[in-house]
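Novice: give me coordinates for this.
(4 chains)
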4 protein chains.
Amino acid sequence: MSEHYNRLAGRNVDRIAALSDGLFAIAMTLIVLEVKVPEHAAVRGEAELWAALCALTPRLVTYLMSFLTLGIFWVGQGAQLGQIEEADRHYTWLQLCLLAVVAVLPFSTELLAEFITYRLALLVYWFNILLFGVAVYASWRYAGRAGLFKATATPEAASAFRNRVLRAQALYAIGAALCLLGTYYSIVFIFAVQLVYAVAPPVRWAQKLAG
Amino acid sequence: MSEHYNRLAGRNVDRIAALSDGLFAIAMTLIVLEVKVPEHAAVRGEAELWAALCALTPRLVTYLMSFLTLGIFWVGQGAQLGQIEEADRHYTWLQLCLLAVVAVLPFSTELLAEFITYRLALLVYWFNILLFGVAVYASWRYAGRAGLFKATATPEAASAFRNRVLRAQALYAIGAALCLLGTYYSIVFIFAVQLVYAVAPPVRWAQKLAG
Amino acid sequence: MSEHYNRLAGRNVDRIAALSDGLFAIAMTLIVLEVKVPEHAAVRGEAELWAALCALTPRLVTYLMSFLTLGIFWVGQGAQLGQIEEADRHYTWLQLCLLAVVAVLPFSTELLAEFITYRLALLVYWFNILLFGVAVYASWRYAGRAGLFKATATPEAASAFRNRVLRAQALYAIGAALCLLGTYYSIVFIFAVQLVYAVAPPVRWAQKLAG
Amino acid sequence: MSEHYNRLAGRNVDRIAALSDGLFAIAMTLIVLEVKVPEHAAVRGEAELWAALCALTPRLVTYLMSFLTLGIFWVGQGAQLGQIEEADRHYTWLQLCLLAVVAVLPFSTELLAEFITYRLALLVYWFNILLFGVAVYASWRYAGRAGLFKATATPEAASAFRNRVLRAQALYAIGAALCLLGTYYSIVFIFAVQLVYAVAPPVRWAQKLAG
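Specialist: Alright, predicted model coming up:
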């Protein structure tokens, strides 16, 4: 039976992709819900509405940062899934772990937005990014060992991908450590790293970094 | 490595479409959630329920307007994705920017519903539409330069699409400017423009406009 | 340009299906959210929790009824989309209207659950079902006139489908009219009609009805 | 007409899969929403934030347990759908029943998190798992009788799958019965069973169990 189930369960890469797209889409929308519309009762006139909207700026920053985070995660996971010929049961569960981490990001984002000067909130956010890195790295490793890659996938590509994850996580760790100086240093640093990864500007050092 | 990642990340148009469909579906459902059911305690009898439902009319109007907006965005983005042979990393990120803008529309909608007579609320809503226009226009431009179109896509079609975006945004800008007279003028105007774009009535000027 | 856009926009049946699946999935989950967990502070002991859960019964009934409604809508829309070879822009907008109606069902459901003895709440719920019927019927008509059906689709099948919509809507209208006697009569009647449509029991009259 | 509708409605396995992926993705995200960010007003300093986060531990446990539950459900349903050549109307409705059960899991999860020491809350959670088992078992049976399996699917595989459902449900029933001693015994036991099913460690007894 074990054989049967292992042979038939969790093989379909397309359904992993579809579940992931759904979950990422929801997470991307939920992080906006934390940007709450001001209460009407507390606002009298355009100037006060303007002030109320300006007060939302930290929320907007954490929203943008988390959208970038989710985008980077989504592109990275998509690059991996695109290399997989057929999943197996263990790979499917590694991907479900990865999705469990993604599903928690709206929580971490709201925690950070609410307690933006608290180191602990920043460390929780960083820990969430770290867990994603662990899940995506473990998936790469497992897929390589279990021989799940397409015939066109080269070992060099897979190893380069894995190094990319490690390099990014090293930078995020530096960003997290900066919270000793103040959480805003961390946020600016992490934000900048993410922008480089997303935009991949045609500058040599950035290309080397964001690969 | 840069080469590897650029070659393998974010190429899959189908996954962009799937993520978009999920995100649009959620945004289309979230904008209804702002139409809140009246509190039972505040309602005694059918007549009071009727009055409470009538009081929801502005919410219903903003719901319908935002559903139209999302529908127009979705059809427009779908028309573009249908022309793309294969995405690349930068195109994928432009589409993610577009989705970040879509994800914010429920916020703008609720802001407008809550502060329907405030110019600032209307301008925020318009700015959201403008940002979508910028993202979709930039995607058209980039796809053309990077040669991502299918072999069947003609340069004329792409340029006609881009002009369509500009024409629509010009009308939305006029609509936004009308808030100097009052926000309701803007809402009626924008609503009418959107209806013309959605329904595309078989009248010559409308055909010319909504293309 | 009009020609270009009409030729290229909103043709893809698969993306209509994907957007619909997302929107239906969200609506099916949102209607449960109205079944709220009892407050811990108000509950002391197992017996009180049992009583608090029993008090949720009307919510559970409206949840099940709305899940049936959404299921019937989804199966019906899927049967239609399965007949379509290629969409066009007007058909796509008819389907978007249909989805706008689906997105409102969680609101109607909560209204009915909150005001289960109010005729007005029941009529709003019925009106929501009616609007869905109108949208799905108009889609059938339009698809036939615009020649969007697959080569394998027979005119008889399409006409039989349309009659099925009319027959179901006639029954729902009778159910709504029963609210003159009391809303519970309506709910039981509509629930029963939906069960017959969903289960399609192998009895002759039910087969004839639920087709 | 009955013939027509039965022949055309609910045949598409892909749309069942897409609806399921959407619904599972939403359920997986909703169960996190119950892990609420602490109120800022109640927290003064890092130490209090740490304490407030520690107080969320039971919520985190029920989140992880429900994510595991949803993952197991999803993998199991996917294994079944992968065996189906073409659905029919009754099979589609059995799958909709299954999804209705999945949609309720966020409610059961929150009930358990809120009343973690109450036997009734645990029994409701177990009943939810039981209903899923019933729906998935009935789907297997029906698919076999109605001849919906692919040509490659062997009767042995289907029967082994069905036995797997029965074996898992027997273990869950034991877990539920343990609540006579205390709900924590049940939770630990069910959690352990789920981990074995998810991880499928390469140990003989675990392989035999989780098949």
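
Novice: and the residue of chain A nearest chain D?
Specialist: Of all residues in chain A, the one sitting closest to chain D is A:G22 (3.0 Å; Cβ to the nearest Cβ). Backbone N, C-alpha and C define where each C-beta goes, glycine included.

Novice: right, and that residue touches D:L19 too?
Specialist: No: contact criterion Cβ atoms under 8 Å: A:G22 and D:L19 do not qualify, at 10.3 Å.

Novice: still on that earlier bit, how near is the residue of chain A closest to chain D to A:T29?
Specialist: Going from A:G22 to A:T29 by Cβ to Cβ, to the nearest Å gives 11 Å.

Novice: which one of the two has more residues nearby?
Specialist: Using other Cβ atoms under 10 Å in any protein chain shown, the more surrounded residue of A:G22 and A:T29 is A:G22, with 32 against 26.

Novice: mind listing what's buried in the helix or strand harbouring the more buried one?
Specialist: Per DSSP states H and E, A:G22 falls inside helix A:13-33. Neighbour-count burial for helix A:13-33, counted by 16 or more other Cβ atoms under 10 Å in any protein chain shown, picks out A:13, A:15-33.

Novice: of those residues, which are in range of chain B?
Specialist: A:A17, A:A18, A:D21, A:G22, A:F24, A:A25, A:I26, A:M28, A:T29, A:I31, A:V32, A:L33 (Cβ under 8 Å from any Cβ of the partner chain).

Novice: among those, which has the minimum pLDDT value?
Specialist: Of all those, A:L33 carries the smallest pLDDT score, 85.

Novice: now do the contacts for it.
Specialist: B:L30, B:P106 (Cβ atoms under 8 Å, 6 or more residues apart in numbering or on different chains).

Novice: residue boundaries of the helices in chain A?
Specialist: A:2-8, A:13-33, A:46-54, A:57-81, A:89-114, A:119-145, A:155-177, A:183-199, A:204-210 (DSSP state H).

Novice: what about the third one and chain B, touching?
Specialist: So that's helix A:46-54. Yes: residues of helix A:46-54 contacting chain B under Cβ under 8 Å from any Cβ: A:E46, A:L49, A:W50, A:L53.

Novice: cool, and the fourth one?
Specialist: Yes: in terms of Cβ under 8 Å from any Cβ, part of helix A:57-81 sits within range of chain B, namely A:L64, A:F67, A:G71, A:W74, A:V75, A:G76, A:G78, A:A79.

Novice: list the contacts of the nearest residue to A:A25 once chain neighbours are set aside.
Specialist: Nearest non-adjacent residue to A:A25, counting by Cβ to Cβ, 6 or more residues apart in numbering or on different chains: B:G22, 3.0 Å away. The contact partners of B:G22, taken as Cβ under 8 Å, 6+ apart, are A:D21, A:G22, A:F24, A:A25, A:I26, C:G22, D:G22, D:A25.

Novice: residues near A:P155, how many?
Specialist: By other Cβ under 10 Å, neighbour count at A:P155 equals 9.

Novice: so it makes contact with A:G144?
Specialist: Yes: A:P155 lies in contact with A:G144 (Cβ under 8 Å); the separation is 7.4 Å.

Novice: lowest confidence element among the helices and strands of chain A?
Specialist: helix A:2-8 (a mean of 56; mean pLDDT, DSSP states H and E).

Novice: so, low pLDDT: which residues of chain A?
Specialist: For chain A, applying pLDDT under 70 flags the ranges A:1-10, A:202-204, A:206-211.

Novice: kindly report the residues of it close to chain C.
Specialist: Counting by Cβ under 8 Å from any Cβ, chain A sits next to chain C at A:G22, A:A25.

Novice: quick one: A:V37 from chain C, how far?
Specialist: Taking Cβ to the nearest Cβ, to the nearest Å as the criterion, A:V37 is separated from chain C by 18 Å.

Novice: backbone phi and psi for that residue, please?
Specialist: With angles defined as degrees, to the nearest 10, A:V37 sits at phi -60, psi 140.

Novice: how much space separates it from A:W50?
Specialist: Between A:V37 and A:W50 the computed distance is 14 Å (Cβ to Cβ).

Novice: for whichever residue of chain A sits closest to chain B, which residues are in contact?
Specialist: Residue nearest to chain B within chain A (Cβ to the nearest Cβ): A:A25, separated by 3.0 Å. Taking Cβ under 8 Å, 6+ apart, we find A:A25 in contact with B:L19, B:S20, B:D21, B:G22, B:L23, B:A25, B:I26, C:G22, D:A25.

Novice: what do you get if the cut-off is 10 Å, keeping everything else the same?
Specialist: By Cβ atoms under 10 Å, 6 or more residues apart in numbering or on different chains, the contact list for A:A25 reads A:70, A:74, B:18-27, B:99, B:103, C:22, C:26, D:22, D:25-26, D:29.

Novice: could you do A:A177 as well?
Specialist: By Cβ under 10 Å, 6+ apart, the contact list for A:A177 reads A:L123, A:W126, A:Y185, A:S186, A:F189.

Novice: the closest residue in space to the first one that isn't next to it in sequence - how many residues pack around it?
Specialist: Ranked by Cβ to Cβ, 6+ apart and with sequence neighbours excluded, the top spatial neighbour of A:L123 is A:A176, at 6.3 Å. Residues lying near A:A176 (other Cβ under 10 Å) number 21.
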